[in-house]
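1. I need the structure of the sequence given here:
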Amino acid sequence: MQKISKIRLILIMMSVWAALALTGCDEVGKLISPATGPEQGPGGPPQVSVVTVTTQKVTLTTELPGRTAPFRIAQIRPQISGLILKRLFEEGSDVKAGQVLYQIDPAPFYAALDNAKAALGRAKANLAATRLRAERYKDLLADKAVSQQNYDDAAAALTQVMADIAYYKATLKTASINLGYTKIIAPISGRIGLSNVTEGAIVTAYQPIALTTIQQLDPIYVNVPQSTIELLRLKGSGLNHEGTDQNKVKLMLEDGTVYPQEGILQFFDVTVDPTTGSVILRVVFPNPKDVLLPGMFVRAVINEGINEQAILIPQQGVSRDPKGNPFALVVDAESKAGFRPLTLDRAIGDKWLVSAGLAPGDRLIVEGLLMLRPGTPVKATPFDPTHASPGASPQKQSKGGA
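-> A predicted model of the protein is given here:
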């Protein structure tokens with residue numbers, strides 16, 4: 001019995017020591033564990049970073065595809081028929097207005113000119129005698145020395161000779177013009193292309209196939225199609241066009257480089273292409289180094305105007321629902337996450353231009369969106385932009401997709 005009592009006493013003492021040990025560990029844990037406040041504790045509101053929505057002045061641009069076209073183009077055709085004796089230019093070279101390009105055999109045209117000169121001389125030689133005869137018959141008619149018929153014949157002969165002189169003068173002029181046409185000259189200055197004929201070819205006046213083509217490349221046109229829907233949107237956008245250099249246009253080349261010189265928007269076409277529903281915008285660009293060649297595909301950056309009350313928000317603050325519709329979460333007056341459906345206009349650098357859905361003063365959540373739901377209490381802290389990825393300056397950007 002004494003042995004049993006000792007065993008029981010030992011068990012009771014071990015239980016007391018175990019209870020004391022557990023109590024001590026709990027107190028030690030309280031001393032060494034960090035404090036868990038509302039931000040980090042499992043029961044506190046999640047912390048989010050916010051930016052306050054403001055308006056700013058932004059110059060808006062539109063980037064449209066376009067194609068280059070020569071400023072002037074001349075298709076060279078002969079104005080007379082004949083034999084090509086010489087080609088007097090190098091294909092692909094620059095030619096000046098008035099430069100001789102082809103020489104047509106002038107021999108038959110010299111002969112025609114000499115023939116016209118001889119005919120004119122013969123008519124002039126008959127003029128003096130015919131005029132004297134008509135004047136003499138007129139005097140004799142007054143004295144009844146000749147009949148009226150004789151005088152009428154003499155007067156008609158004088159008229160005929162004078163008509164012949166006028167006719168041969170015109171013939172002489174035509175022969176002289178045709179002789180000048182034996183030299184085919186450049187009507188404009190520019191870059192000349194391939195020659196479709198060589199020496200010895202027979203050409204005809206105003207033939208359908210051009211001998212060659214000259215294109216003026218400096219300056220050069222860029223034709224840009226713009227949809228009528230976009231044109232109507234711009235007219236009703238209410239953008240400010242004062243002080244925006246509205247007619248100045250920048251150009252992006254096919255390899256993505258920026259063309260160093262700006263162009264001038266010349267005009268909007270008034271005819272809509274029924275197949276594409278677009279109108280043509282024509283821009284004139286200087287091209288002193290012939291960087292732009294006819295037919296190149298380029299992208300023109302056209303000024304739309306200034307949005308005086310633009311709202312730009314970081315792209316990371318915009319989410320999309322399963323249907324792809326954009327939305328954002330804001331911190332409301334009760335420090336809860338609020339849902340805002342958005343209408344986006346375009347991407348500008350690393351930001352979105354918002355058309356509807358946000359107002360100045362809204363606190364937009366840009367960090368801490370993971371697993372955040374509308375109505376959830378949150379703790380808002382200012383967003384630190386130095387931790388965000390750098391983006392392009394939002395002061396002047398091109399239109400993109402929303």
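2. any idea how this protein splits into domains?
-> Structural domains annotated on the chain: 47-58+308-398, 63-71+214-306, 80-203, as defined by automatic domain parsing.
3. Reformat these as CSV; add mean pLDDT and mean neighbour count.
-> All C-beta spots, glycine's among them, are computed from the backbone N, C-alpha and C. Below are the domains of the chain laid out as CSV (pLDDT from 0 to 100; neighbours: other Cβ atoms under 10 Å):
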stretch, mean pLDDT, mean neighbour count
domain 47-58+308-398, 83, 16
domain 63-71+214-306, 85, 16
domain 80-203, 91, 15
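4. Give me the local confidence score for Arg8.
-> Predicted confidence (pLDDT) for Arg8: 61.
5. Which strand or helix spans Glu90?
-> When elements are assigned from DSSP states H and E, Glu90 belongs to no helix and no strand.
6. From Leu101, how far off is it?
-> Glu90 is 11 Å from Leu101, where distance means Cβ to Cβ, to the nearest Å.
7. Phi, psi for Leu344 please.
-> phi -100, psi 140 (degrees, to the nearest 10).
8. how near is it to Glu254?
-> In this view, Leu344 and Glu254 are 29 Å apart by Cβ to Cβ.
9. got it, and Gln266?
-> Relative to Glu254, Gln266 is positioned 22 Å away (criterion: Cβ to Cβ).
10. Point to the residue nearest the middle of this protein.
-> Ala300 (3.1 Å; Cα atoms, centre = their mean).
11. Which other helices and strands does the helix ranked longest in the chain contact?
-> Ranked by number of residues, the top helix in the chain under DSSP state H is helix 107-142. Judged by 3 or more Cβ pairs under 8 Å, 6 or more residues apart in numbering; DSSP states H and E, helix 107-142 is in contact with helix 148-180.
12. Could you list every helix and strand in contact with the helix it packs on?
-> helix 107-142.
13. Kindly calculate the angle that the helix it packs on makes with helix 148-180.
-> Angle between the axes of helix 107-142 and helix 148-180 is 160 degrees (criterion: axes from the mean of the first three to the mean of the last three Cα atoms, to 10 degrees).
14. Break down this protein into its helices, ranges please.
-> Taking DSSP H as the test, the helices found in the chain are 2-32, 107-142, 148-180, 228-235.
15. hey, C-alpha coordinates of stretch 138-150 in CSV?
-> What follows is stretch 138-150, C-alpha atoms only, in CSV (Å, rounded to 0.1, in the frame of the first residue of the first chain):
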residue,chain,number,x,y,z
LYS,A,138,-11.1,99.1,-160.1
ASP,A,139,-10.0,102.4,-161.8
LEU,A,140,-10.9,101.2,-165.2
LEU,A,141,-14.3,100.1,-164.0
ALA,A,142,-15.1,103.7,-163.0
ASP,A,143,-14.4,104.7,-166.6
LYS,A,144,-16.4,101.8,-168.0
ALA,A,145,-13.2,100.5,-169.6
VAL,A,146,-13.6,97.0,-168.2
SER,A,147,-16.7,95.0,-167.3
GLN,A,148,-17.9,94.4,-163.7
GLN,A,149,-17.1,90.7,-164.2
ASN,A,150,-13.4,91.4,-165.0
